[in-house]
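**Q** Show me how the following folds:
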Amino acid sequence: MTDQALTSPTRRKSRRGLTGSILVAAGLVALAYVFRSDLGDLHAAVRGDHDGPLATVLRLGVLACLVYVVVVFALYIVLLLFAGLDSAIRNRQRGVEDFDALEASRFTIPVSILSAVYNEAPLVVRSTETLLRQQYPEYEVIVVDDGSTDGTFERLDEAFALERQEVFFRRLFETRPLAGIYRSRRHPNLIVVRKLNGGKADALNCGLNFARYRYVLGVDGDTLYRSDALLLGMRLVVRDPARVMAVTGMIAISNAPERVHDQEPGSRTVDASLFSVFQHLDYVRAFLANRLAWSRLRFMLCTVGAFHIWRRDILEEVGGFSREFTCEDIEMTFRIHEKLRREGREYEVLCIPETVATTEGPARVGALIKQRARWQRVIMETLVHYRRMLANPRYGSVGLVGVPFYVITEVAAPFLEVLAVLTLVLAIWAGVADPVLLALVLGTMAFTTATVTSSAVLLDDRTRRDYRLSSVVRSVLLAPLDLFLYRPILFWARVRGTWDFLRGRRDWDKFERNRRPVEAQPRPEL
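**A** Numbers count the residues shown, from 1 in each chain. Model prediction:
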């Protein structure tokens, strides 16, 4: 299996040593900054040499921000330790897994792949081709065109020789009316369904109506999938199909996935632009430092929409994907947790450490803000809807650890970040801000964040050795700048998303696809 090729032990050792050295150096610099701090100066700056209202406000603001930062960093460090444990266990299991037998066995569980697409003309053909090349014994691909207006269906028709047919399907879920059902003359396992626009959840429910197999894989039409993606995810299901309800995996990001998708493992590169590198680091940190720990601690909070395997009967049991939320992936994860925990049923929602696909990331700041504001909205929608789970022992680690973690790191974050900015502005206006102390605090935060990020990069590198050494080193060296060049953008996106939630906004607000020269658009393989 080409994507499973392992790097030589010598190369593994050298790369692990170099990345680890950079990580240790970053940690030592952060510790040096911490121990050089002068607590007396901190007290004087906060106290302002008087006990008036202004000093009280500043003291409370600084104290709240300080406590929040310490708590958040402590949580991320603990999660990082569990993520490292989970990654080591999964990597060891993968080393002894017989993927060839799993791929060839007639007992491997068949899967229905559901691709919900809307105005994905630049990448839909290439994405569908990667789904049709999965190294898996039995599966079907169901592409649901959710009322596209940019020629998405026409490109599918041209590439796969679609033929309109009457196909039997179950009407389990009500969806927007269908406009046609087509089967490919070149790929018997490919079905394309056209329907009126109803949103991604509606399109996925439509796909569920057509799905024939016990497990379904939800994917995105702007994402290119590695040939072993399905096999890697389903290997955890095959071990215990009675308990494993869902599996998700790591997604890489690029401004142009079609340019990097075919690069061989070990020779892949991160995009040249700093903006894209910071998004790459954000994804690696979110998947490797968070989701692996969530999986190990049994409170997976979100099965990512670009790759989420579900047992179909449990989706049918909860009524399919909801159209009442901005996005469908996190809400479905919470709904499954709520139902199964409340009923006392044994189950698992897992994450694999391997990168299974490359998705298109925003190339412009405005597009990124749109995307992240939407994510912030759906997190708050979901947490408010399932607030009964918060700190409720009935829901186990999900209610006692997972939901509080999201409340602290996602819901409270915009409010504390705004408080931090206002406190800083007020301190500067009052003339009590100490520039040396401020630089010290920011430096410590930057290198602490960089330590977590570098650790996630190390975990990713140990898993598959995908990227060139130069890309790994570049990512680690740029990590300290994340706080200054990238986080302010996310800060504004969170504030905007929170405001949109408070005023009841529910639309998708999809960002425009990145511009591509005509000759760079993917050609169908005939």
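**Q** ok, the closest residue to Ser471 other than its chain neighbours to Gln93 distance?
**A** Closest residue to Ser471 apart from its sequence neighbours, by CB to CB, 6 or more residues apart in numbering: Val270 at 4.5 Å. C-beta coordinates here come from the backbone N, C-alpha and C atoms, glycine included. From Val270 across to Gln93, the span is 28 Å (CB to CB, to the nearest Å).
**Q** Show me which of the two is the more surrounded one.
**A** Val270 (23 against 13; other CB atoms under 10 Å).
**Q** Show me how far the helix or strand harbouring Val421 is from its chain's centre.
**A** Assigned by DSSP states H and E, Val421 falls within helix 412-430. Centroid displacement of helix 412-430 relative to its chain, using CA atoms, centre = their mean, to the nearest Å, is 29 Å.
**Q** Show the pLDDT at the residue nearest to Ser471.
**A** On pLDDT, Val270 comes in at 91.
**Q** Could you look up the SS state of it?
**A** coil (DSSP: H, G, I helix; E, B strand; the rest coil).
**Q** Same question for the one 10 residues further on.
**A** At His280, secondary structure determined by three-state DSSP is helix.
**Q** count of neighbours near it?
**A** His280 has 22 nearby residues by other CB under 10 Å.
**Q** ok, now Asp240?
**A** 11.
**Q** In contact with it, which residues?
**A** For Asp240, the contact set (CB atoms under 8 Å, 6 or more residues apart in numbering) comprises Glu348.
**Q** what about the strands in the stretch 51-200 of the chain?
**A** 111-117, 139-146, 162-164, 178-184, 190-195 (DSSP state E, counting those that start in this stretch).
**Q** wait, which of those strands is closest to Ala439?
**A** Closest approach to Ala439 among the strands of the stretch 51-200 of the chain is made by strand 111-117 (47.6 Å; CB to CB).
**Q** which residues touch that closest one?
**A** Counting by CB under 8 Å, 6+ apart, residues outside strand 111-117 touching it are 124, 127-128, 131, 134, 136, 138-146, 148, 152, 200, 203-204, 207-208, 210-213, 215-221, 230, 234, 309, 312.
**Q** Spatially central residue for the protein, please.
**A** By CA atoms, centre = their mean, the mean C-alpha position of the chain lies nearest to Val304, the distance being 5.3 Å.
**Q** From Arg94, how far out is that one?
**A** Distance from Val304 to Arg94, by CB to CB: 20 Å.
**Q** again with Leu292
**A** 14 Å.
**Q** How about Ser267?
**A** Counting by CB to CB, the gap from Ser267 to Arg94 is 21 Å.
**Q** In terms of neighbours, single out the busier of the two.
**A** Arg94 (18 against 10).
**Q** Identify the residues contacting the more buried one.
**A** So Arg94 contacts Glu354 (CB under 8 Å, 6+ apart).
**Q** Check the gap between it and Ser322 for me.
**A** Following CB to CB, the distance that separates Arg94 from Ser322 is 34 Å.
**Q** same deal with Leu426?
**A** 42 Å.
**Q** So, low pLDDT: which residues of the protein?
**A** The chain contains residues with pLDDT under 70 at 1-52, 509-511, 516-526.
**Q** top strand in it by residue count?
**A** Criterion DSSP state E: the longest strand present in the chain is strand 348-360.
**Q** Note down every partner strand of that strand and its orientation.
**A** Strand 348-360 pairs in its sheet with strand 223-225 (antiparallel), strand 244-254 (parallel), by DSSP bridges.
**Q** mind listing what the spatially closest residue to Gln376 that is not a sequence neighbour touches?
**A** In this structure, Gln376 finds its nearest non-sequential neighbour in Gly497, 2.7 Å apart by CB to CB, 6+ apart. Shown in contact with Gly497 (CB under 8 Å, 6+ apart): Arg372, Ala373, Arg374, Trp375, Gln376, Arg377, Met380, Pro414.
**Q** Distance to Thr175, neighbour count and secondary structure added to these, as JSON lines?
**A** Shown next, in JSON lines, are the contacts of Gly497 (distance: CB to CB, whole Å; neighbours: other CB atoms under 10 Å; DSSP: H, G, I helix; E, B strand; the rest coil):
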{"residue": "Arg372", "distance to Thr175": "29", "neighbour count": "21", "secondary structure": "helix"}
{"residue": "Ala373", "distance to Thr175": "27", "neighbour count": "23", "secondary structure": "helix"}
{"residue": "Arg374", "distance to Thr175": "22", "neighbour count": "22", "secondary structure": "helix"}
{"residue": "Trp375", "distance to Thr175": "25", "neighbour count": "18", "secondary structure": "helix"}
{"residue": "Gln376", "distance to Thr175": "28", "neighbour count": "25", "secondary structure": "helix"}
{"residue": "Arg377", "distance to Thr175": "23", "neighbour count": "25", "secondary structure": "helix"}
{"residue": "Met380", "distance to Thr175": "27", "neighbour count": "22", "secondary structure": "helix"}
{"residue": "Pro414", "distance to Thr175": "35", "neighbour count": "22", "secondary structure": "helix"}
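**Q** so can I have JSON lines of these showing distance to Gly84?
**A** As requested, those are exported to JSON lines (distance: CB to CB, whole Å):
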{"residue": "Arg372", "distance to Gly84": "27"}
{"residue": "Ala373", "distance to Gly84": "32"}
{"residue": "Arg374", "distance to Gly84": "31"}
{"residue": "Trp375", "distance to Gly84": "26"}
{"residue": "Gln376", "distance to Gly84": "28"}
{"residue": "Arg377", "distance to Gly84": "32"}
{"residue": "Met380", "distance to Gly84": "30"}
{"residue": "Pro414", "distance to Gly84": "29"}
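**Q** how close does Val403 sit to Met380?
**A** Taken as CB to CB, the span from Val403 to Met380 is 13 Å.
**Q** still on that earlier bit, so for Leu438, which of the strands of the stretch 51-200 of the chain sits nearest?
**A** strand 111-117 (46.9 Å).
**Q** Distance from that closest one to the middle of the chain?
**A** 18 Å.
**Q** now swap in stretch 465-478 and tell me
**A** 20 Å.
**Q** Equivalent analysis for stretch 421-431, please.
**A** Here the centre of stretch 421-431 is set off from its chain's centre by 35 Å, with CA atoms, centre = their mean.
**Q** Give me the contact list for it.
**A** Contacts of stretch 421-431 (CB under 8 Å, 6+ apart): Ala45, Gly48, Leu54, Val57, Leu58, Gly61, Val62, Cys65, Ala433, Leu438.
**Q** 7 Å - rerun?
**A** Residues from elsewhere that reach stretch 421-431 (CB atoms under 7 Å, 6 or more residues apart in numbering): Gly48, Leu54, Val57, Leu58, Gly61, Val62, Cys65, Ala433.
**Q** The last one: how many residues sit nearby?
**A** In other words, Ala433. 16.
**Q** Next: the third one.
**A** Neighbour count of Val57, defined by other CB under 10 Å: 16.
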